[in-house]
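In: Based on what follows, work out the 3D shape:
(one chain, ligands or ions: 2)
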Amino acid sequence: MNALIDTLRPNGLDPAEDVLLAWLKTTDEAAVAQLYQAAFRIKNEQSGPGIFLRGLMEISNQCQKNCLYCGIRHQNEATLRYDLPESDILALGHKAAELGYASIVLQGGERVDNKFVSKITRLLQGLKNIELKRGVDGGARKPHQAKGLGITLSLGEQTEEVYREWYEAGAHRYLLRIESSDPELYGKIHPQDKLHTYQRRIEALQSLRRVGYQVGTGVMIGLPFQTEEHLVKDLLFFKHLDIDMCGMGPYIPHHDTPLAVYADKIPSPERRLDLSIRMVALLRMLMPNINIAATTALQVLSDRGRELAIEAGANVVMPNLTDLLYRSNYDLYDGKPGASVDADLTDSPFARYLQERNIPILRGEWGDSMHYFARQRG
Ligand code: 5AD
Ligand code: SF4
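Out: Ligands and ions are numbered 1, 2, ... in the order given. Presented below is the predicted three-dimensional model:
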């Protein structure tokens, strides 16, 4: 490994902040290409050559919050609200199992009412009973693999009791992005009220960890007011929180949100894409055995956005299973891939890309974070 790459791993310690900053800022394309190659190699060594799949279900766009960047914020009256019936969600679970997606993600706006909490609990119990098909694409199931679907939740901040109830009902991974690890920047992109404090978000992440989840977080990249220094702090935040999974992607303005007024003050789409891919590669260098997603927002900025992330060390993709009818209303940001993007990866440009490079799509595998197991072993 060349000397530049070695700057990232000085004797196994955290790299200095100025080293990370230099990697985010450098215009030396050859060096950046080497960084991506090194990150890709580390991903292969740690998690194998394949890409893990999670079937994404956007189960509801009802949300109690008003994050200033998000298209489905409560106060956006232009959003047509939906809440998928339980039977539809279970049907999506069957669809996932049929497609060989052994893991699913239930994502939705934040709701904390009892009706919602118990709906999720019941659903988890139902989804757990769905049997995976044997031999989908990848032959027999490996011994360490469980029989049912692996379930990740992404349903915002809840009390520790609710997190525990859902864990006991069968969820074992949870995604809750910190959005920005800098309390001041967090404050600028959220309303100033009790529902939207940085402290609440941190406490929720700590609760998830205590309950026993594999914990994922992430940030948006290219936000108004955000500097490269913030992004360096984000990387070190992930490391210090010892996260198991990460999903991060570019910020993409949504026209019906308060933050959209700064749309001409953020980095160009090219720069936001480039920064996002660099963040993936740097995080892979810092945390070799976590799961890192090639996120959907990357696809908005480039047809090859997810592919670029994979080449820089990402190892998870989340194809959207949500029915097209609802999907258009899960409108987090402008240009979110909609009707043109199919849940079944077979024969897509993305699948062909992976095939050409001999990167297997790991159907039939849960694809848990190796970091989680290492953490469990102590
Ligand atoms: N641009 C990019 N990502 C966004 N999200 C919400 N709004 C936007 C946006 N405008 C992301 C947030 C949230 C996830 C569900 O979607 O990071 O955690
Ligand atoms: Fe709700 Fe999440 Fe959007 Fe915030 S980012 S408004 S919590 S859906």
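In: what's the pLDDT at the residue nearest to P267 when sequence neighbours are not counted?
Out: Using C-beta to C-beta, 6 or more residues apart in numbering and skipping residues adjacent in sequence, the residue nearest P267 is G222, 4.9 Å away. For the C-beta atoms, the positions are set from N, CA and C on the backbone; glycine is no exception. pLDDT recorded at G222 is 98.
In: Quick check: phi and psi on G222?
Out: According to degrees, to the nearest 10, the main-chain angles of G222 amount to phi 100, psi 30.
In: residue contacts, the residue of the stretch 151-300 of the chain found nearest ligand 2?
Out: In the stretch 151-300 of the chain, the residue that lies nearest ligand 2 is G156 (5.1 Å; C-beta to the nearest ligand atom). With contact set as C-beta atoms under 8 Å, 6 or more residues apart in numbering, G156 has these partners: C63, K65, G108, G109, E110, R111, L176.
In: from those residues, which single one is nearest I151?
Out: The closest of these to I151 turns out to be G108 (C-beta to C-beta; 13.4 Å).
In: give me every residue that touches that closest one.
Out: Counted by C-beta under 8 Å, 6+ apart, G108 has contacts E58, I59, S60, N61, Q62, C63, S154, L155, G156.
In: Show me the beta-bridge partners of it.
Out: Beta-bridge pairing for G108 (DSSP bridges): S60.
In: Distance of it relative to ligand 2?
Out: With distances taken as C-beta to the nearest ligand atom, to the nearest Å, G108 is found 8 Å from ligand 2.
In: What score does that residue have for pLDDT?
Out: Per-residue pLDDT puts G108 at 98.
In: Helices of the stretch 101-250 of the chain, start to end?
Out: Using DSSP state H, counting those that start in this stretch, the helices of the stretch 101-250 of the chain run over 114-128, 160-168, 183-188, 198-211, 228-241.
In: one step back: narrow the contacts of G156 to those in strands?
Out: G108 (DSSP state E).
In: Dump the contacts of G156 into CSV; add distance to I130 as well.
Out: What follows is the contacts of G156, written out as CSV (distance: C-beta to C-beta, whole Å):
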residue, distance to I130
C63, 27
K65, 31
G108, 19
G109, 24
E110, 26
R111, 24
L176, 25
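In: and which of the contacts of G156 is nearest to ligand 1?
Out: Nearest to ligand 1 among these, counting by C-beta to the nearest ligand atom, is L176 at 7.8 Å.
In: How about the contacts made by that closest one?
Out: Applying C-beta under 8 Å, 6+ apart, the residues contacting L176 are S154, G156, E157, R201, A204, L205, L208, V215, G216, T217.
In: Near ligand 2, which residues of the stretch 1-150 of the chain are found?
Out: C63, K65, C67, C70, I72, R73, G109, E110 (C-beta under 6 Å from any ligand atom).
In: filter these down to the ones near ligand 1?
Out: C70.
In: Reformat the residues of the stretch 1-150 of the chain next to ligand 2 as TSV; add neighbour count.
Out: Shown next, in TSV, are these (neighbours: other C-beta atoms under 10 Å):
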residue	neighbour count
C63	20
K65	19
C67	20
C70	24
I72	24
R73	22
G109	24
E110	18
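In: where along the stretch 251-378 of the chain do the strands fall?
Out: Secondary structure of the stretch 251-378 of the chain (DSSP state E, counting those that start in this stretch): strands at 291-292, 316-317, 361-362.
In: Throw those strands into TSV and include mean pLDDT and distance to W166, thanks.
Out: Below are the strands of the stretch 251-378 of the chain laid out as TSV (pLDDT from 0 to 100; distance: least, C-beta to C-beta, whole Å):
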stretch	mean pLDDT	distance to W166
strand 291-292	98	20
strand 316-317	95	21
strand 361-362	88	25
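In: looking at those, which is buried most?
Out: strand 291-292 (a mean of 28; mean count of other C-beta atoms under 10 Å).
In: Can you name the residues that contact the residue nearest to P267?
Out: Residues in contact with G222 (C-beta under 8 Å, 6+ apart) are P250, Y251, I266, P267, R271, R272, L275, S276.
In: Great, nothing more from me.
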